[in-house]
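> Quick one, structure for this:
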Amino acid sequence: MRILVVEDNEELADALVEGLGLERYAVDLARDGETAFESMAINDYDLVVLDWNLPPPTGIELLRMWRRAGNGTPVLMLTAKDRVQDRVDGLDVGADDYLTKPFAFAELLARVRSLMRRREKDLQSELRAGDLLMDRASHRVTRGEQLLQLSPKEFAVLEYLLTRTGRVVRRTELSAHVWNDHTETMSNVIDVLVHRLRKKIDGGRETKLLQTIVGVGYMLEAGRSPDDG
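Residues are numbered from 1 along each chain as shown. Predicted coordinates for the structure are as follows:
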């Protein structure tokens with residue numbers, strides 16, 4: 001899942017990027033409204049954490065522009081404004097949730113998870129393909145009775161593929177949703193990571209779940225036993 005953090009306070013911005021990154025989110029950072037507007041125009045985000053008071057355009061101005069353009073990406077508004085009317089104004093413009101500074105990171109994280117669930121109404125706590133099972137809450141992945149030990153990036157790639165079982169996922173799509181703007185994601189880097197993931201998922205098993213679609217990308221599909229490419 002990919003998040004855009006829009007915050008001009010350097011200390012808070014860095015803390016948000018680090019904290020969300022540790023939670024396995026791919027995070028981009030914009031420190032002003034203009035950069036945020038450009039990032040939203042070229043990237044597909046699952047959530048925006050948006051500060052109200054930004055160098056122009058302000059957070060509320062950005063939100064108004066995005067909603068008028070039909071962009072429905074969930075937005076968690078951060079602000080030092082704590083009057084009820086301020087909250088009403090933010091929600092009326094199109095914010096999905098509102099968090100007053102200062103706040104505990106644990107609360108922000110809970111709200112982020114809630115908004116993610118709200119966006120994908122079919123978001124299950126468990127994802128499955130054949131006998132491959134992922135428990136998102138505990139970050140536990142099993143194939144049959146075997147517990148698989150995955151790195152954070154392997155888990156993120158597998159999660160994205162599991163939400164699109166039976167569909168071809170292009171390398172560029174994986175790059176956009178699992179890595180951030182500051183990470184080099186050349187095709188061979190993705191191929192190496194998927195190769196490692198395939199060995200953990202399919203190694204030594206007759207039924208191969210993770211397929212390579214040559215020249216295009218990858219597909220996770222249960223019930224087939226082709227070459228693992």
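> Could you list every helix and strand in contact with the helix or strand bottoming out on mean pLDDT in the chain?
Least confident helix or strand, the chain: helix 84-93 with a mean of 73, by mean pLDDT, DSSP states H and E. Applying 3 or more CB pairs under 8 Å, 6 or more residues apart in numbering; DSSP states H and E, one finds that helix 84-93 contacts helix 59-68, strand 75-79, strand 97-100. Placement of C-beta: from N, CA and C, glycine included.
> would TSV of these with mean pLDDT and distance to S114 be doable?
As requested, the helices and strands packed on helix 84-93 are exported to TSV (pLDDT from 0 to 100; distance: least, CB to CB, whole Å):
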stretch	mean pLDDT	distance to S114
helix 59-68	91	18
strand 75-79	92	9
strand 97-100	89	7
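> and among the ones you listed, the most buried is which?
Greatest average neighbour count among these goes to strand 75-79 (a mean of 23), per mean count of other CB atoms under 10 Å.
> Do you know the pLDDT at the residue located most distally from the centre of the chain?
Most distant from the centre of the chain: E206, at 32.0 Å, with distances by CA atoms, centre = their mean. Per-residue confidence (pLDDT) for E206: 88.
> Count the neighbours of T73 for me.
17 (other CB atoms under 10 Å).
> In contact with it, which residues?
Going by CB atoms under 8 Å, 6 or more residues apart in numbering, T73 touches 40, 45-48, 66.
> Is it correct that it falls within a helix?
No. According to DSSP: H, G, I helix; E, B strand; the rest coil, T73 belongs to no helix; its state is coil.
> What separation do you get for it and M116?
Relative to M116, T73 is positioned 11 Å away (CB to CB, to the nearest Å).
> what sits in contact with each of these two?
46-47.
> how far out from the middle of the chain is the least confident helix or strand of the chain?
A distance of 26 Å separates the centroid of the chain from that of helix 84-93, by CA atoms, centre = their mean, to the nearest Å.
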